[in-house]
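Peer 1: this one's sequence-less:
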């Protein structure tokens, strides 16, 4: 009889801790050994002693945190296996952003998969989520309410292009998270035939360059600071969410404030943020994707973390799958989700 | 339906009037009949069918989704139509997506019992935005921030026409308005309205200040009081009698006692007022009667409505609009005296020789509960809109208070990075209470400086709103003060704007709520 996963995988104030491997998954405080699912700052914090992640996530963390000498990185490609203590560890694509992974841990005949953040729809900038059967599936729950159903990406991009056609004398500034959302929106625009230069805020430069170095082509990009208002008429500009409605945007001709985020699905929420053009484009699974994933993975048990746990637990129990909440603190409900 | 749903969705998020206008016009230009006609009817509030009750919508949702999941969702979203639209299991690929015309025509013919099953099938055929728009439509009340007039303006702009031309034929038309669109696009004749009691778009005045009068010759002008009610038009033509608001909306339903008393075969311009024993009641009394679809007998006796007449546009089929004001006024007086005219009286002319004399008259208007004076060129013909140099409105001098800036909110479009909307308050027992909001009255340079001051004095942030330390005094000009539940102070200002920014004045020396209340009308 294999040991029950709750005896060897525990929630601690630092995050999720694997006892037989002596490592943490996405620890929220600096620790000795961390396995990191993806490069978003609330999952990939600085200051750990050793970090294990996919080669892409390692590259992202190095770029973000610099070579401060305190951290050593070890890369593990998708599909490879690594023995750590009394466990075998593997990383599987999660489809969230470039380099994002689910962490698969085998110990004494039982298997846990920690999803990290994930989505199920195709994303031109990263490989798709691979469902893996397991005893316990630890899932995220950012958009775990039935109200969150992300429409097809093409539909949202067409909404943006339609607005550009109706308001050709204005600039369209889209708020995007620097890692993942930015490059995905660019790629989706390219697929929709937008081959003109896309103007970007300086804070997005580094990650765009890194994506291109890692083999994700983004087409012509230009800095948004520099061109005259006249030149920016009818153009699409990407900026961090906080810059869209603030001082920075004064350089733009009558900007239409757009935001690419799963939160945009709820109108009141979008309006509160002063968004004029909400684009429901998310790097997280929507309600249907979360439920479908639990069905496909068909784990013995589901542990639900960061988000609206109660609704997903209810849905799992309606499917006849045991589920409980893992109360890990420290992950943000960030605006760019 | 999907195109219309996308339009409504964009309108909800587009704050500027021009932006909304552009979106609606683009929709009309790219959507075929009769879809766009039904859309125009929906936007102008001209659709009528038995509405579906919110409880029916909720019951329908419960058949499709676990009640517990629904409860959490509703708590999160806070709006029933939106919640149901979002949680409804999406089968839009499989079902039949209805067109707007299909929905409207079917519902008009349907009995209430059938409405829910129709709705259920449509919800299955539409996507999330489509379901949201459908539920807004069938539960009554689109609430997308578009006035009927704005929708008509967008239609008019399809051709080289203007909204007045559309308003003139509007009340002789029925949805889905195919003849109207054909005319606007130059494919057909102007729709024939015959003897229908259609609206004649109003002639409006430009504001003028006392100091600007010197450039005009008093002999060219006639003066009359500007009563503090709402401008209306009475149209009695054939067997139809209508009371229109200045935007061409038929408001007769709210004033049945007045409509019943209307004379025959005449078009009149006047001010709708509550009048008791010959005395004009404050505007607030009229407010009790506005927007009430069917007033009670008690309302009608407590707040009796009347129209004070300014002008006459048509008499027994003869269009008088081409005559000079002087001649129209003479016709009005003769007509008025020919027979008893219950619930109507003549607004008297105000004789004056010089601008000084007029200024003296104006100084008394506030004490007499009058909003100001109107100046009309005696030779002015009646032209819809605001022709230059013909009519002027000289409002009574505004009141002012020194208030303290409390909150600032970012604007939209050109002002999206500026804190340009201000909530200000007055002192009550050592605490500031909000009394109003203003977003005009400053120059571009002042806006820059205000924006900088706000960023440097922020004490709290709520989304696009910043709370600031009590340190900046704004001199606010406004027309009057009323009791209101809108602000915590219990008062509201009418037409507030920033008159001066008192960079020099300490906040502690700003005015008290007590002083503001002493100005209540």
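Peer 2: Happy to help now that I have it. None of these values were measured; they are calculated from a predicted model.
Peer 1: ok, the host helix or strand of residue B:134 near chain A or not?
Peer 2: Following DSSP states H and E, one finds residue B:134 within helix B:128-138. Yes - figure legend: helix B:128-138 in contact with chain A (C-beta under 8 Å from any C-beta of the partner chain); contacting residues B:128-129. For every residue, glycine as well, the C-beta is placed using N, CA and C.
Peer 1: Quick one: name whatever helix or strand follows that helix.
Peer 2: Scanning the chain past helix B:128-138 towards its C-terminal end, the next helix or strand to appear is helix B:148-156 (assignment: DSSP H and E).
Peer 1: same for whichever helix or strand comes after that following helix, what does it pack against?
Peer 2: Stepping forward along the backbone from helix B:148-156, the first helix or strand reached (DSSP H and E) is helix B:163-170. With contacts taken as 3 or more C-beta pairs under 8 Å, 6 or more residues apart in numbering or on different chains; DSSP states H and E, helix B:163-170 sits against helix B:148-156, helix B:178-184.
Peer 1: quick one: contacts of helix B:163-170?
Peer 2: Defining contact as C-beta atoms under 8 Å, 6 or more residues apart in numbering or on different chains, one finds that helix B:163-170 is touched by B:149, B:152-153, B:155-156, B:180, B:184, B:190-191, B:193, B:198-201, B:248, B:384-385.
Peer 1: measure the residue nearest to residue A:212 when sequence neighbours are not counted to residue B:297 for me?
Peer 2: The shortest distance from residue A:212 to any residue that is not its chain neighbour, by C-beta to C-beta, 6 or more residues apart in numbering or on different chains, is 5.9 Å, and that residue is residue A:218. For residue A:218, the distance to residue B:297 equals 71 Å [C-beta to C-beta, to the nearest Å].
Peer 1: Buried residues, the biggest helix by length in chain A. List them.
Peer 2: Looking across chain A with DSSP state H, the single longest helix is helix A:153-166. For helix A:153-166, a neighbour-count test (16 or more other C-beta atoms under 10 Å in any protein chain shown) marks A:153, A:155-157, A:159-161, A:163-164, A:166 as buried.
Peer 1: quick one: that helix to chain centroid distance?
Peer 2: With C-alpha atoms, centre = their mean, to the nearest Å as the basis, helix A:153-166 stands 23 Å off its chain's centre.
Peer 1: and if you look at stretch A:142-151?
Peer 2: Average the C-alpha atoms of stretch A:142-151, do the same for its chain, and the two points are 15 Å apart (C-alpha atoms, centre = their mean).
Peer 1: Same check on stretch A:187-200?
Peer 2: The chain centroid and the centroid of stretch A:187-200 are separated by 21 Å, computed with C-alpha atoms, centre = their mean.
Peer 1: Check the average confidence over that stretch, would you?
Peer 2: The average of the pLDDT scores along stretch A:187-200 is 97.
Peer 1: Name the surrounding residues that touch that stretch.
Peer 2: The set of residues external to stretch A:187-200 that reach it, using C-beta under 8 Å, 6+ apart, is A:123-125, A:153-154, A:157-158, A:160-161, A:182, A:186, A:208, A:216, A:218-224, A:227, A:232, A:235-239, A:281.
Peer 1: give the contact list for residue A:70.
Peer 2: With contact taken as C-beta under 8 Å, 6+ apart, residue A:70 is in contact with A:47, A:49.
Peer 1: Let's see that with 7 Å instead.
Peer 2: Neighbouring residues of residue A:70 by C-beta atoms under 7 Å, 6 or more residues apart in numbering or on different chains: residue A:47.
Peer 1: Quick check, pLDDT for it.
Peer 2: Looking at residue A:70, its pLDDT reads 83.
Peer 1: Distance of it relative to residue A:43?
Peer 2: For residue A:70, the distance to residue A:43 equals 18 Å [C-beta to C-beta].
Peer 1: for the chain, which spans come out with low pLDDT?
Peer 2: Assuming you mean chain A. Counting by pLDDT under 70, chain A has low-confidence residues at A:68, A:328-337.
Peer 1: not what I meant, chain B
Peer 2: Screening chain B residue by residue with the criterion pLDDT under 70, one finds the ranges B:93, B:413.
Peer 1: Grab the most central residue of it for me.
Peer 2: If you average the C-alpha coordinates of chain B and look for the closest C-alpha using C-alpha atoms, centre = their mean, you land on residue B:147, 6.8 Å from that point.
Peer 1: And it, how far from chain A?
Peer 2: Using C-beta to the nearest C-beta, to the nearest Å, one obtains 19 Å as the distance from residue B:147 to chain A.
Peer 1: Around chain B, which positions in the stretch 151-300 of chain A sit nearby?
Peer 2: Residues of the stretch 151-300 of chain A found near chain B, taking C-beta under 7 Å from any C-beta of the partner chain as the criterion, are A:151, A:166-167, A:245-247, A:249-250, A:254-255, A:257, A:265-268, A:270-278.
Peer 1: Can you tell me the closest non-neighbouring residue to residue B:230?
Peer 2: The shortest distance from residue B:230 to any residue that is not its chain neighbour, by C-beta to C-beta, 6+ apart, is 5.1 Å, and that residue is residue B:272.
Peer 1: quick one: residue A:276 and residue B:153, what's the gap?
Peer 2: As it turns out, when the distance is counted by C-beta to C-beta, residue A:276 lies 21 Å from residue B:153.
Peer 1: Settle it for me: which of these two has more neighbours?
Peer 2: Using other C-beta atoms under 10 Å in any protein chain shown as the criterion, residue A:276 and residue B:153 rank with residue A:276 on top: 28 against 21.
Peer 1: List the contacts of the more buried one.
Peer 2: Contact criterion C-beta under 7 Å, 6+ apart gives A:256-258, B:13-15 as the residues in contact with residue A:276.
Peer 1: can I get those in JSON lines with secondary structure, distance to residue A:303 and neighbour count?
Peer 2: Rendered in JSON lines, the data for the contacts of residue A:276 read as follows (DSSP: H, G, I helix; E, B strand; the rest coil; distance: C-beta to C-beta, whole Å; neighbours: other C-beta atoms under 10 Å in any protein chain shown):
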{"residue": "A:256", "secondary structure": "strand", "distance to residue A:303": "42", "neighbour count": "27"}
{"residue": "A:257", "secondary structure": "strand", "distance to residue A:303": "38", "neighbour count": "26"}
{"residue": "A:258", "secondary structure": "strand", "distance to residue A:303": "36", "neighbour count": "27"}
{"residue": "B:13", "secondary structure": "helix", "distance to residue A:303": "38", "neighbour count": "21"}
{"residue": "B:14", "secondary structure": "coil", "distance to residue A:303": "43", "neighbour count": "25"}
{"residue": "B:15", "secondary structure": "coil", "distance to residue A:303": "44", "neighbour count": "17"}
